[in-house]
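In: fold the following for me, if possible:
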Amino acid sequence: MTRRLILLLPLIGFLVLSVFLYQGLSLNPFHRDSALMARDFPAFNKETLKDPEQRVDESLFLGQVTLVNVWGEWCPECKREMPQLLDLADRGIRLVGISYKDTREKGMGFLQDFGDPFEVNIFDPEGDLSFELGVYGAPETFLVDREGIIRYHHTGYISPEDIRKHILPEVGKWQ
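Out: Just a heads-up that it's a prediction; the model follows:
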């Protein structure tokens, strides 16, 4: 009897492991809570994309509700969501971009090709500010309230439905 049990142990172990793996595969990686929720926007001092002589810091977010969008020229989903970001800017919502792991030339070319809804673009070629935000890919969007506190985090492409169901209601809460 114990010999039979010993032979069944690998099968039982495989079945248990299979259940855990199947469960993990069913999770959506784009729906995760940000570790920075309800915390101050990380401190930084960076050049802007358009002007290397102009520097900005976290005080940029004080006094106005702001959507911060992390984007890259190399990112196909960033190109796909640009019409939605232009629409948000047309609605009077303040947007600040973070040009993530791009060269200045490629970032500027992207904005010329797809439009520029951003009041300011922070130049983050090494990705250190984005790392501080917990970004693991682009696009990612954060809502920052008037006091500079992160209130909402959207991972991935912003669809027109996301604007209607999530972004506009969240912006409305904090204006």
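In: list phi and psi for the residue most central in space within the chain.
Out: Nearest residue to the geometric centre of the chain (CA atoms, centre = their mean): Glu140, 1.5 Å. For Glu140, the backbone dihedrals (degrees, to the nearest 10) come out as phi -140, psi 140.
In: nearest residue to it other than its sequence neighbours?
Out: Val70 (4.6 Å; CB to CB, 6 or more residues apart in numbering). For the C-beta atoms, the positions are set from N, CA and C on the backbone; glycine is no exception.
In: tally of neighbours for that neighbour?
Out: By the criterion of other CB atoms under 10 Å, Val70 has 25 neighbours.
In: which strand residues bridge it?
Out: Beta bridges link Val70 to Ile98, Glu140, judged by DSSP bridges.
In: residues in contact with it?
Out: 97-98, 100, 124, 130, 133, 135, 138-142 (CB atoms under 8 Å, 6 or more residues apart in numbering).
In: closest to Arg55 out of the residues you listed?
Out: Asp124 (12.8 Å; CB to CB).
In: and the closest one, how far from Val96?
Out: Distance, Asp124 to Val96, using CB to CB, to the nearest Å: 12 Å.
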